[in-house]
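Participant: model the structure of this input:
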Amino acid sequence: MGSAFCLLVFMFMRVLLLLSLTPFNLMVAMSSSTSFFSMQHSLCHDSEKSALLQFKQSFLIDEHASTDPSAYPKVEIWKSNEEEGEGSDCCLWDGVECDKETGHVIGLHLASSCLYGSINSSNGLFNLVHLRRLDLSDNHFNYSKIPFAVGELSGLRSLNLWNSLFSGQIPSELLALSELVFLDLSANSLLQLQKPGLRDLVQSLTHLKQLRLNQNYLSVRNNPDLIGYLPEFEEASPLKMLLLSGTSFSGELPTSIGRLGSLTALDISSCEFTGKIPHSLANLTELTHLFLSENNFSVGTLSWLGQQTKLISLSLRHKNVKGEIPSSLANMSQLTSFTLSKNQLSGQIPSCLMNLTHLTSFFLSENSLEVELHFTNATFPKLKTLGLNDCNLTEFPDFLRYQDELEWLSLFENKIHGPIPKWMWNISKETLEVLDLSRNFLTGFDQHSVVLPWSRLHYVRLDSNMLQGPLPIPPPSTIQYSVSGNKLRGEIPPLLCNMASLMLLDLSSNNLNGRIPPCLANLSKSLLVLDLGSNDFNGQLPRSLANCMMLEHLVLGNNQIDDIFPFWLGALPHLKVLILGSNKFHGEMGSWHTNIRFPKLCVIDLSDNEFTGDLPSKYFQNWDTMKLTNVSNGLWYLQANTRIEMQGYTTNFPYNYSMTITNKGMQRFYEKIPDIFKAIDFSCNNFIGQIPTYIGKLQGLHLLNLGDNNLSGPIPSSLGNLTQLESLDLSKNKLSGEIPWQLTRMTFLGFFNVSNNHLTGPIPQGKQFATFSNASFDGNPGLCGTPLSRACRSPEARPPTPSSSKQGSASKFDWKFAIMGCGSGLVIGISIGYSLTSWKHEWFVRTFGNRQRKWTRIERMGLRS
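Facilitator: Below is the predicted model of the structure:
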């Protein structure tokens, strides 16, 4: 009786206290009160405590298993009775939710808990049969399958397995969870949705309101995609969100998708859907977010668009849309983000769109639209992002004068002439982060200052114009700066060295001169790419470049640099491309130094210099990357990726490495470099001595050019081991002896030149040698046999046929890319093909960070629960 009275008094005083508290304190106090009741009445059941402990013991704690910076191991404080005393209550454990009346575990909230390991149906988790909410997102389940025992949790209303590295077919037992309202299986790139498929999920899970299968956060570069198709939808479906972006869902959009009248978000961007966009999308009047970009839809119009008056975000990029923009879009008064880039739209931009006062993001790039240049301040909304690339603009749109909140401005690939007007320097001075004016006909700046006025710039592209005068200087915040292909003159000013976060600096193809400033070492903690090629720089290389430990791509070719071989660059641990051709480098390459290995070097060009002495055999022995013959799964290119945080999400700006190198006796520009491409060009120097035998161990080589030197002795038969080689130039030397028959093993060889040497004997026959013309062998009076007219005096035995396993290596490649490669070598053919057919720079790419937590536009606007 006494204890009951004390408890009553305690609760009465607690109520009085709650009435006097602020809302925030009230919430805390109520939480405390809940804990009090839990301690008094919610001791969890022993069987469920045991199941939880067994679940804990089945995993390791690994801080790398979760990607959220705030992740911590919630299960670490879970203790057994023996460890914590008889009073231990699992309902008080971190991440565990119990029913206040029964004490049963009804919720397990273990998102970002650093759990690592596989899970199967014998796990204690599936003994928690009263579970209603289960969140295991952002852990690492070691690519195990979703256990079929999940069907035992028949009371589940919410299941979140986002970004938890599950794989395999989604189990049919999942269909037994008929109470599910929320299901998130997204960012598990190895999951399959076939049997059961999406039709089964929609038909069986009748209470489902949110279904997430999208791949927004995982790169699919080295992973197969989630595959499936959309079923016919029932009238009564309560589905509110359908997010499939970045998967390999295919087929046509069913007309019945228009029955999903409750749908507020539809994201099927970057999938493989085909056919026409069904007009029934006009029925989805509750939509606030619609993303259909990057699919394979057939050509159609936007006649279905205009009834979705609640739309906030609309993205129809690269969707084969033709015709005019319908004026009915003016009905979408809530629209903030609008993207119609890369379509076949024509006509004028409807002036009524200017009444969309909430519009902040506007992209109409790469269409055939007529852009009105003289909208007034009163008729154009305040924008944060604007993209009008390849829109045939001939001058800067006048409405830009009134834009003072822009963060992103891209006008590249237009026909804008003359100087950048003075008023442009006053727009969005405090907000602009991305500026791309490349590939126009700009001649300079309509004022004397060369310091760009935008204090927050991160990304600046002014390349491929006709800019004259001194080098413009961007602010210290700049991460990527490219001004190549202009007519700029003068020296690199010291102010440029203040950009401590700079990752990419491309000043190539200008008229810049003077010495390369040592202060570039100030960029040592961030600089990935330095391209100063095709200018008029002179003097020695600053030794301070050895401090740029992040450097991957260094292009200094076609200048007047006068120095010895910069062996000290070999200490850079990430250097992949080194272009020093067409300068005044001289002397011997010198002795190999223990710590100067060039460990990642893929391409080196020392051509057209004044090097002397023997070829550097010791260097060849230590260029380990060139020994690798790995073939990529797919066609990928060497590139630097710079990431910029904007408007709450991360945008990726890829920069493809490029170079000019001698191939087939001609200077060729490679706008992209395949990541498997490896090349050595030492041509047009004064190297002497023999070709080192060890060069035959660089089996990853695709291009080897030692032409136009003073090399002597035989061609080493070890070159036949270079089975990936596509171009071999040994011309204009003093080589002697016979051409080794082992060279016939090089089945990818598309170009071969040994002309103007002292070679003798029969030319090897068969395979690639049957494709080479007389020009490959001219200037060797002692050679005989096909294709030369000189017959050999006695028949020569045919060289041994390489083993079928050597020949079979070609099957690793995707031959749809090999048409151009047939004549010039596969990888080189791909590169040349790209540079001949691709001109446009892909400035905005939707990327999937490798297991990194990044909020999409939808989630940033509160759609992620």
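
Participant: and residue 107, what are its phi and psi?
Facilitator: As for residue 107, its main-chain torsions (degrees, to the nearest 10) stand at phi -150, psi 140.

Participant: so the closest residue in space to it that isn't next to it in sequence: helix, strand or coil?
Facilitator: Closest residue to residue 107 apart from its sequence neighbours, by CB to CB, 6 or more residues apart in numbering: residue 97 at 3.0 Å. Every C-beta, even on glycine, is put in place using the N, C-alpha and C of the backbone. Assigned by DSSP: H, G, I helix; E, B strand; the rest coil, the conformation of residue 97 is strand.

Participant: surely residue 97 is in contact with residue 133?
Facilitator: Yes: Residue 97 lies in contact with residue 133 (CB atoms under 8 Å); the separation is 6.9 Å.

Participant: need the overlap of contacts for the two.
Facilitator: 106, 107, 108, 109 (CB atoms under 8 Å, 6 or more residues apart in numbering).

Participant: what number of residues lie near the third one?
Facilitator: Applying the criterion other CB atoms under 10 Å, we find 20 residues in the vicinity of residue 108.

Participant: can you say which helix or strand has it in it?
Facilitator: Following DSSP states H and E, one finds residue 108 within strand 105-109.

Participant: point out where the stretch 51-200 of the chain drops to low pLDDT.
Facilitator: Applying pLDDT under 70 to the stretch 51-200 of the chain flags the ranges 81-87, 189, 193-195, 197-200.

Participant: go on, the stretch 601-750 of the chain?
Facilitator: 630-634, 646-650, 664.

Participant: all helices for it, in order.
Facilitator: In the stretch 601-750 of the chain, the helices defined using DSSP state H, counting those that start in this stretch lie at 617-622.

Participant: which residue ranges form the strands in it?
Facilitator: 603-605, 610-614, 639-646, 649-656, 659-663, 666-670, 679-681, 686-689, 703-705, 710-713, 727-729, 734-737 (DSSP state E, counting those that start in this stretch).

Participant: could you dump the ones you listed to TSV with distance to residue 521?
Facilitator: Below are the strands of the stretch 601-750 of the chain laid out as TSV (distance: least, CB to CB, whole Å):
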stretch	distance to residue 521
strand 603-605	22
strand 610-614	26
strand 639-646	19
strand 649-656	21
strand 659-663	23
strand 666-670	28
strand 679-681	28
strand 686-689	31
strand 703-705	32
strand 710-713	37
strand 727-729	36
strand 734-737	42
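
Participant: re earlier: contact partners of the strand holding residue 108?
Facilitator: Looking at what lies outside strand 105-109 - CB under 8 Å, 6+ apart - the contacts are 44-45, 48, 52, 90-91, 95-99, 125, 128, 130-136, 155.

Participant: what subset of the residues you listed is buried?
Facilitator: Neighbour-count burial (16 or more other CB atoms under 10 Å) is assigned, among these, to 44-45, 48, 52, 90-91, 95-96, 98, 125, 128, 130-136, 155.

Participant: wait, residue 657 sits on residue 636?
Facilitator: No: using CB under 8 Å, residue 657 is not in contact with residue 636; the gap is 11.7 Å.

Participant: of those two, which one has the most company?
Facilitator: Just comparing residue 657 and residue 636: by other CB under 10 Å the higher neighbour count belongs to residue 657, 25 against 13.

Participant: gap between the more buried one and residue 531?
Facilitator: 9 Å (CB to CB, to the nearest Å).

Participant: joint contacts of these two?
Facilitator: residue 553.

Participant: strands of the stretch 51-200 of the chain, residue ranges please.
Facilitator: With DSSP E, counting those that start in this stretch as the criterion, the stretch 51-200 of the chain has strands spanning 60-61, 96-98, 105-109, 115-116, 133-135, 158-160, 167-169, 182-184, 190-192.

Participant: any regions of the stretch 301-450 of the chain where pLDDT drops low?
Facilitator: Short version for the stretch 301-450 of the chain, where the test is pLDDT under 70: 319, 371-379, 448-449.

Participant: ok, now which ones touch residue 718?
Facilitator: Per CB under 8 Å, 6+ apart, neighbours of residue 718: 693, 694, 695, 696, 697, 742.

Participant: let's see 7 Å
Facilitator: Contact analysis of residue 718 by CB atoms under 7 Å, 6 or more residues apart in numbering lists 693, 696.

Participant: one more: the one 10 residues further on?
Facilitator: With contacts defined as CB under 7 Å, 6+ apart, residue 728 is in contact with 704, 749, 752.

Participant: in contact with the residue lying closest to the second one once chain neighbours are set aside, which residues?
Facilitator: Closest residue to residue 749 apart from its sequence neighbours, by CB to CB, 6+ apart: residue 768 at 4.4 Å. The contact partners of residue 768, by CB under 7 Å, 6+ apart, come to 746, 747, 749.

Participant: select from these the one having the most neighbours.
Facilitator: For these, neighbours tallied by other CB under 10 Å; top is residue 746, 24 neighbours.

Participant: pretty sure that residue contacts residue 725?
Facilitator: Yes: taking CB atoms under 7 Å as the definition, residue 746 is a contact partner of residue 725 at 5.0 Å.

Participant: how far away is the residue nearest to residue 107 from residue 513?
Facilitator: 70 Å.

Participant: repeat that for residue 566.
Facilitator: When distance is defined by CB to CB, residue 566 is 20 Å away from residue 513.

Participant: was I right to think residue 80 contacts residue 56?
Facilitator: No: with contacts counted by CB under 7 Å, residue 80 stays clear of residue 56, the gap being 9.9 Å.

Participant: looking at the two, which has the bigger crowd around it?
Facilitator: residue 56 (21 against 14).

Participant: show the contacting residues for the more buried one.
Facilitator: Residues counted as contacts of residue 56 (CB under 7 Å, 6+ apart) are 75, 78.

Participant: would you map the helices across this structure?
Facilitator: Ranges of helices within the chain are 2-19, 23-41, 46-57, 81-84, 198-204, 617-622, 804-807, 821-824, 826-837, 857-858, based on DSSP state H.

Participant: mean pLDDT lowest where, among these?
Facilitator: Of all these, helix 857-858 carries the lowest average pLDDT, namely a mean of 32.

Participant: rewinding a little: now render the strands of the stretch 51-200 of the chain as TSV, adding distance to residue 353.
Facilitator: Putting these into TSV (distance: least, CB to CB, whole Å) gives the following:
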stretch	distance to residue 353
strand 60-61	54
strand 96-98	48
strand 105-109	44
strand 115-116	49
strand 133-135	42
strand 158-160	39
strand 167-169	45
strand 182-184	35
strand 190-192	40
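
Participant: can you say which of those is nearest to residue 437?
Facilitator: strand 182-184 (41.4 Å; CB to CB).

Participant: how distant is that closest one from the center of its chain?
Facilitator: Counting by CA atoms, centre = their mean, to the nearest Å, strand 182-184 is centred 27 Å from the centre of its parent chain.
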